[in-house]
Structures are given as C-alpha cells and as structure tokens.
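Novice: Sequence plus the predicted model coming up.
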Amino acid sequence: MRKQTIEWPTMVMMALCYGVWLAAGFGLFPVVPVLALALMAVAAGFHTSLQHEVLHGHPTRSAAVNELLVGLPLAVAFPFRRFKALHLRHHRDENLTDPYDDPESWYRAQGDHAALGWPMRALLAANNTFVGRLVIGPPLMTFGFWRDDARNFAAGNPGVRRAWAHHALGLAALVAIVWGGMGINLLVYVGTVAYGGMALIAIRTYCEHRWDQTPDGRTVVVEDSRILSWLFLNNNLHIVHHKRPAVPWYELPRLYRERRAEWLAANKTYVYRNYWQIFRAYALSAKEPVVHPVRRRADAPAMAPGAFQPASAAPAAGPRDAMPVAARPDR
C-alpha cells in the first residue's frame with residue numbers, strides 16, 4: 001500500500017495537542033493556574049505519544065518536516081533525535097528486556113544490581129510498583145539518560161552532540177513561550193507539566209514488556225483503555241505495534257480486531273482488560289523483579305529465535321545511522 005502524502009488523523013491530533021497546550025497556558029493559566037498546568041501536563045504526555053508516532057515515519061514522507069512538527073519539547077527532558085535513536089534500537093525485538101541491549105529496559109543484570117548501594121536498590125524496587133513508576137520513575141529515567149548522554153557527549157559522539165544542539169533550539173523556543181509569553185515560572189513548569197507528562201506516559205510503559213523465552217511473549221496488550229488509548233495513540237495494543245511498527249496509530253485497533261486470537265497466542269495471552277486492572281494488582285507491589293531472570297548471567301541461555309510474524313508484516317528495523325553509540329556506555 002502506498003504511504004499517504006499526509007496522514008491527516010495524525011495532523012489533527014497534533015493540532016489538538018498544541019491547541020490545548022497553548023489555550024491552557026495563555027487563556028486559562030491567569031484565571032485557574034492549577035487546572036491550566038494539569039491540562040498542559042496532559043498535552044505534554046500526549047506530545048510524547050506524537051513524537052513516538054513521528055519517529056516511526058509519520059505523518060508525512062519527509063523526516064525533516066515530521067521532526068519540525070514535534071520539535072517544541074513540551075516535556076523538556078529528552079532530545080527528539082535521541083528518543084528516536086534509542087527507541088529504534090528498542091525495536092530489535094530479540095533483545096527486548098535485555099538490561100544492556102534494550103535501552104528501555106528497567107531490568108538490571110544480577111552483578112550490576114548487587115554492586116549498587118542499598119538506597120538505589122530500594123529505589124529500583126519501589127520503581128517497579130505502579131505508583132512508584134509514576135512518582136519516582138520520571139526522575140530516575142531522566143537522571144539515567146542524562147548521565148549516559150553526558151558520557152556520549154564527552155566522548156565526542158557527533159550524533160549525540162547534534163541531537164542536543166537541536167534540542168537546545170527547541171528549549172529556547174519553549175522558554176520564550178512559557179516564561180516570556182505565558183508568564184509561567186520555569187521551575188513550576190518543569191515540576192508540574194514536564195513531570196506530569198512523563199508520569200502519564202509511565203502508565204503505559206509500566207507493563208509494556210516482561211521477560212519471556214520468546215520475543216513475542218514479552219509484549220503486552222491492554223484491550224479496553226478508552227480515553228488513555230487516545231492519549232497513547234493505541235500503543236496499548238503494543239504487540240501489534242512491535243510487529244507492525246510502520247503502521248499508523250489509527251490502523252492498530254483494526255489489525256488487532258481482525259486477528260485477536262493470533263495476537264494473543266503469539267504473546268502468550270499477556271493481556272489486561274484495562275489500566276485499572278493493572279493499578280489494582282500492582283499499585284504497591286512489584287509486577288517484575290528488578291534483576292533480569294536470565295539475561296547477562298553466567299548460565300544465561302541464548303535468546304529464543306522463534307517469533308510470530310503476521311502475514312505481510314515487515315520486521316522492525318531502524319536505519320544504521322540512527323543507532324546511538326551506546327545507551328549504557330559503561331557496559
């Protein structure tokens with residue numbers, strides 16, 4: 001199927017995101033600041049979902065235009081190009097959950113975990129609860145990313161340096177709008193809007209992956225997420241996205257409905273009815289251990305090669321030049 005020149009559903013969502021953010025900041029903040037900041041936090045989280053859509057090649061055929069459309073960093077912390085590089089690396093499904101080779105894994109190798117001090121081990125344990133992931137997950141993730149990128153930057157990685165240069169331009173524009181135009185204190189913005197947006201996305205990412213012997217068994221489906229499915233652009237149907245990463249967000253529900261039994265057989269029925277079910281089960285209890293059950297231990301078996309592949313689906317892959325030097329350069 002020929003890719004559309006412009007995917008209008010995604011463009012509409014972008015207009016909605018920026019419209020809510022701007023209306024809340026300019027119109028509502030002077031009157032009801034708490035409500036305005038809450039709406040802006042939702043928009044910042046939604047913007048992250050839109051960035052995810054863009055890094056997979058939407059909504060136009062031009063990568064430069066797509067990047068420009070999400071270039072204003074509403075959630076502040078992460079350069080879009082670094083998000084793109086690391087996320088495309090994450091899409092190597094054979095490495096999902098690996099504490100070294102999957103940049104989005106929260107697991108730790110046994111030896112690395114044992115070498116941590118007890119305060120950090122306690123933080124990581126709390127972070128593996130649903131509430132903990134929302135509360136301490138954003139600063140833990142940000143600190144880890146900044147630490148690793150500082151090492152990459154100091155090592156002279158040109159892609160990392162260019163990514164941060166582009167991010168600096170976006171941050172300058174954001175500061176001009178938020179501080180100069182809306183009159184919102186920058187620390188207040190970071191502590192409410194940026195933090196809240198990352199916490200919102202943590203609802204989705206909390207259960208996206210688990211360890212399983214087969215790559216497809218590692219990726220979740222959350223079926224009935226209603227409003228959240230819009231905010232997450234249907235990424236709650238995560239196994240479908242991982243197997244068909246080039247498909248736009250608005251096609252994922254149809255693909256899931258058409259072959260639901262096959263999808264659930266592939267991911268070994270790693271499925272939840274909704275996010276409320278996940279909250280009730282894991283609000284204050286860990287869904288997964290911090291230590292990876294198998295990978296990077298002396299007795300670790302090789303990753304299982306077999307994986308379900310729907311008919312006509314292309315394997316997930318990213319361009320070689322999009323890959324970072326290392327997500328964790330101290331491995």
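Specialist: Noted; the coordinates are in hand.

Novice: Quick check: which ranges of this protein have low pLDDT?
Specialist: For the chain, the stretches with pLDDT under 70 are 1-4, 296-331.

Novice: ranges for the strands of it?
Specialist: Using DSSP state E, the strands found in the chain span residues 221-222, 271-272.

Novice: Go through these and name the closest to Gly25.
Specialist: strand 221-222 (30.8 Å; CB to CB). All C-beta atoms are positioned from the backbone trio N, CA, C, and that covers glycine.

Novice: okay, the strands of the chain in JSON lines with distance to Ala283 and mean neighbour count next?
Specialist: Formatted as JSON lines, those follow (distance: least, CB to CB, whole Å; neighbours: other CB atoms under 10 Å):
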{"stretch": "strand 221-222", "distance to Ala283": "16", "mean neighbour count": "22"}
{"stretch": "strand 271-272", "distance to Ala283": "14", "mean neighbour count": "16"}
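
Novice: Adding distance to Tyr256, write these out as a markdown table.
Specialist: Converted to a markdown table, the strands of the chain look like this (distance: least, CB to CB, whole Å):
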| stretch | distance to Tyr256 |
| --- | --- |
| strand 221-222 | 7 |
| strand 271-272 | 11 |
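
Novice: closest one to Arg254 among these?
Specialist: strand 221-222 (14.5 Å).

Novice: any residues touching the closest one, and which ones?
Specialist: For strand 221-222, the surrounding residues in contact (CB atoms under 8 Å, 6 or more residues apart in numbering) are 207, 236-240, 256, 263-264, 267, 270-275, 278.

Novice: Likewise for stretch 23-34?
Specialist: 35-37, 39-40, 43, 177-178, 181-184.

Novice: quick check, nearest of those to Trp249?
Specialist: Among those, and counting by CB to CB, the member closest to Trp249 is Ala43, at 16.9 Å.

Novice: Settle this for me: the closest one is touching Leu74, isn't it.
Specialist: Yes - using CB atoms under 8 Å, Ala43 makes contact with Leu74 at a distance of 6.4 Å.

Novice: Find residues that contact each of the two.
Specialist: 21, 197.

Novice: for the stretch 101-250 of the chain, what spans make up the helices?
Specialist: 110-115, 118-127, 130-135, 137-154, 158-175, 186-189, 195-205, 227-231, 238-243 (DSSP state H, counting those that start in this stretch).

Novice: which of the ones you listed is buried the deepest?
Specialist: When the helices of the stretch 101-250 of the chain are scored by mean count of other CB atoms under 10 Å, the highest mean neighbour count falls to helix 238-243 (a mean of 24).

Novice: Just list what that one packs against, helices and strands only.
Specialist: Other helices and strands packing on helix 238-243, by 3 or more CB pairs under 8 Å, 6 or more residues apart in numbering; DSSP states H and E, are strand 221-222, helix 252-258, helix 260-266.

Novice: With distance to Glu67 added, can I get the ones you listed in TSV?
Specialist: TSV is the format used below for the helices and strands packed on helix 238-243 (distance: least, CB to CB, whole Å):
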stretch	distance to Glu67
strand 221-222	29
helix 252-258	23
helix 260-266	31
